[in-house]
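**Student:** I'd like to go over a predicted model; first the sequence, then the structure.
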Amino acid sequence: MRFGFNYGFSGGDIEPPTPSAPSEITDFSATDDEVGQVTFTYSSATGYPTPTYNLYKNDSLVETGVASGDSYTVSASTADYKVLATNSEGSTYSNTDSGTSISDGSTTLLVSLDGTLTGEV
């Protein structure tokens, strides 16, 4: 008696995907829907190997290994955000979007040593 299995292979080798740099991300968005936080979303870039993402604020790296839907804690301010998709074949920046962190409504008063009000933040 003879038993055999056919797994649907018709012979030949299975080829791995061709390495390629990450594709452009054109739908990056920074949303300011929470006090002190900016949430960012984007569609994943294609590319092989699978890209990783880093977050930039005003052209400075602020967070590595981020994912769409993550939130970034910030002080109340407006800044330009973007992500960099990277793999061993290259890198590409997303579009830039301004995110404005919502203030909690409090005011910081600046007072000199003699008690004189010098300003507000």
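**Tutor:** The structure has been received and is ready for your questions. Remember, it's a predicted structure, so these values are computed and weren't measured experimentally.

**Student:** can you point me to the longest strand in this protein?
**Tutor:** strand 78-87 (DSSP state E).

**Student:** name the helices or strands packed onto it?
**Tutor:** strand 37-41, strand 52-57, strand 90-93, strand 97-100 (3 or more CB pairs under 8 Å, 6 or more residues apart in numbering; DSSP states H and E). For every residue, glycine as well, the C-beta is placed using N, CA and C.

**Student:** in CSV: these, plus distance to Pro19 and mean pLDDT.
**Tutor:** Formatted as CSV, those follow (distance: least, CB to CB, whole Å; pLDDT from 0 to 100):
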stretch, distance to Pro19, mean pLDDT
strand 37-41, 27, 85
strand 52-57, 15, 93
strand 90-93, 10, 96
strand 97-100, 29, 80
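
**Student:** give me the buried positions along stretch 84-98.
**Tutor:** Leu84, Ala85, Thr86, Asn87, Thr92, Tyr93, Ser94, Asp97 (16 or more other CB atoms under 10 Å).

**Student:** can you check stretch 19-26 too?
**Tutor:** Quick answer for stretch 19-26 (16+ other CB under 10 Å): Ala21, Pro22, Ile25.

**Student:** ends of it, how far apart?
**Tutor:** 22 Å (CA to CA, to the nearest Å).

**Student:** now the helices and strands packed on strand 78-87 as a markdown table including distance to Thr78?
**Tutor:** As requested, the helices and strands packed on strand 78-87 are exported to a markdown table (distance: least, CB to CB, whole Å):
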| stretch | distance to Thr78 |
| --- | --- |
| strand 37-41 | 10 |
| strand 52-57 | 11 |
| strand 90-93 | 19 |
| strand 97-100 | 4 |
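
**Student:** now for those, which one comes closest to Tyr72?
**Tutor:** Tyr72 lies closest to strand 37-41 among the helices and strands packed on strand 78-87, at 5.2 Å (CB to CB).

**Student:** ok, residues contacting that closest one?
**Tutor:** Applying CB atoms under 8 Å, 6 or more residues apart in numbering, the contact partners of strand 37-41 are 27-33, 55, 66, 68-74, 79, 81, 83, 97, 99-101.

**Student:** which strands border it, and is each parallel or antiparallel?
**Tutor:** When pairs are called by DSSP bridges, strand 37-41 turns out to pair with strand 29-34 (antiparallel), strand 71-73 (antiparallel).
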